[in-house]
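[1] here are the coordinates; sequence isn't available:
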């Protein structure tokens, strides 16, 4: 589970698909965070304090994407299923006019959500995310195939015991420009290493991942009229700038902002610049 105290108090909520743990701090207009694969709410530990200090209620769940601690064996762990889980979470907490902030795989799930149920969402920040044909992108395209092999997740998670591997492309080497602190890496990787049930959840999600989900969502982008900020790492090595430009052209109310000196994990590499971008965006598109 996420461990950073900067995320606020820890809570749990029961949804139809299972129990979700989340972290909350601050008061005001709600900002809900959506991390990607094999990370958890700790991804946002350096972003949440600034957003909360500016007068927002920050809610950072540990979504069931492999770094969660509460198994969800009854949940539909497909991109549509996780998108619907996010929608159910917003409804259960009675949140409205939400600013949804997503990174990496969480951005693909958010795109699916926007084309299914955006009734509680006021604006969206997509911070270097999967989209179109890039779900999953290179070099991660083999993971869904690997996940079809029974028992395949155990060797994968065991290999990541070796800290020297963390900077390899299949670990965090392509996603972060700077090393992730060891205690945060442990927060991300220990749940799947320690729990067969979590590995099963991870495998179920990975088996379902396919670009057909993001391409189907993209076919409905013309109907997504809410403001979208595309906060993109200029040096992104996983999601090319061309994807951001394509999203900016297809989403009717999108703005593209490039962030320097960062790879895909903007909340890790450039939390201050990402925080400033989010706050500027929320002020510009505040509900009267």
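    Sure thing, it's come through. Computed from a prediction, not measured in an experiment: that's the story for all the values here. Numbering: from 1, shown residues only.
[2] wait, residue 215 sits on residue 131?
    No. Counting by CB atoms under 8 Å, residue 215 does not reach residue 131; the two are 9.1 Å apart. Just so you know, the C-beta spots here come from the backbone N, C-alpha and C atoms, and that holds for glycine as well.
[3] more neighbours, the two?
    residue 131 (24 against 13; other CB atoms under 10 Å).
[4] confirm the more buried one sits in a helix?
    No. Assignment of residue 131 by DSSP: H, G, I helix; E, B strand; the rest coil gives coil, placing it outside any helix.
[5] so which residue is dead centre in this structure?
    Residue closest to the mean C-alpha point of the chain, counted by CA atoms, centre = their mean, is residue 35 at 2.2 Å.
[6] SS state for the closest residue to that one other than its chain neighbours?
    In this structure, residue 35 finds its nearest non-sequential neighbour in residue 43, 4.6 Å apart by CB to CB, 6 or more residues apart in numbering. Of the three states, residue 43 takes helix under three-state DSSP.
[7] who's in contact with stretch 200-214?
    37-38, 64-66, 68, 71-73, 75, 77-82, 108, 111-112, 130-136, 143-144, 146-148, 152-153, 192 (CB atoms under 8 Å, 6 or more residues apart in numbering).
[8] filter these down to the buried ones.
    Among those, those classed as buried by 16 or more other CB atoms under 10 Å are 37-38, 64-66, 68, 71-72, 75, 77-82, 108, 111-112, 130-132, 134-136, 143-144, 147, 152-153, 192.
[9] residue 111 and residue 58: what is the separation?
    22 Å (CB to CB, to the nearest Å).
[10] quick one, grab the pLDDT at the residue nearest to residue 129 when sequence neighbours are not counted.
    Among residues not flanking residue 129 along the chain, residue 107 sits closest, at 2.2 Å (CB to CB, 6+ apart). pLDDT, residue 107: 98.
[11] so residue 107 is in contact with residue 34, correct?
    Yes. With contact defined as CB under 8 Å, residue 107 reaches residue 34; the gap is 7.5 Å.
[12] okay, those two: which has more neighbours?
    Set residue 107 next to residue 34 and count neighbours by other CB under 10 Å: residue 34 wins out with 31 against 28.
[13] quick one: contacts for residue 53?
    residue 26.
[14] please redo it, this time with the cut-off set to 10 Å
    Applying CB atoms under 10 Å, 6 or more residues apart in numbering, one finds that residue 53 lies in contact with 25, 26, 275, 279.
[15] shouldn't the last one be within a strand?
    No. Inclusion of residue 279 in a strand is not indicated when three-state DSSP is applied; the result is helix.
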